[in-house]
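Colleague: Sequence first, then the predicted structure:
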Amino acid sequence: MNRAKRVVADDGFDVSLVGNVLFVRQWGVMSTPLVRQYVQRYQACIAELDNTPWAEVMDFRRVTLVDRGLLQAVKALYTPSCSRQHCATAYLFSRYTDPRLRLLLQTLEDPHSWGISSRNFDNDFRAGLNWVNERLNMFALSQASGE
């Protein structure tokens, strides 16, 4: 019996909103057409938040390859309309993640906000989720006290 199977590339994404936390998971090859679809879904979720404080957990642990020239498509996530009331981003990477994705995100993130509103949690989903929830709570407290 021939046990060899054809390997089919599985590329995709999932964007969901639970409370005020946006969960993003992407896997496989991060191509420009796929990122454009992902940006549309991402922006639709942000619109549902209706200007309330929010945070996100970005799971890129299974992004194995990033297409060249992806910068322009990803830049759409770093516009003022996408960052309104944004409190925190927890990035999840693994040893499988294409290192070019980390470099791409570093070029787009504000270096002064790294560690304050954005952090890398490598493979630890729970720590990332706890951190974004803490940031949301801190933001809510600062709003309540009028800061």
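Modeller: Noted; the coordinates are in hand.
Colleague: Count the neighbours of A140 for me.
Modeller: 14 (other C-beta atoms under 10 Å). Using the backbone N, CA and C atoms, a C-beta is placed for each residue, glycine as well.
Colleague: Grab the nearest non-local neighbour of it.
Modeller: Leaving aside its sequence neighbours, A140 sits nearest to P53 (C-beta to C-beta, 6 or more residues apart in numbering; 6.6 Å).
Colleague: Who are the contact partners of the one you found?
Modeller: By C-beta atoms under 8 Å, 6 or more residues apart in numbering, the contact list for P53 reads N20, Q85, H86, C87, L136, F139, A140, Q143.
Colleague: Who is the residue nearest the centre of the chain paired with across the strands?
Modeller: What sits nearest the mean C-alpha location of the chain, by C-alpha atoms, centre = their mean, is M58, with 2.9 Å. Beta-bridge partners of M58, counted by DSSP bridges, are V24, Y91.
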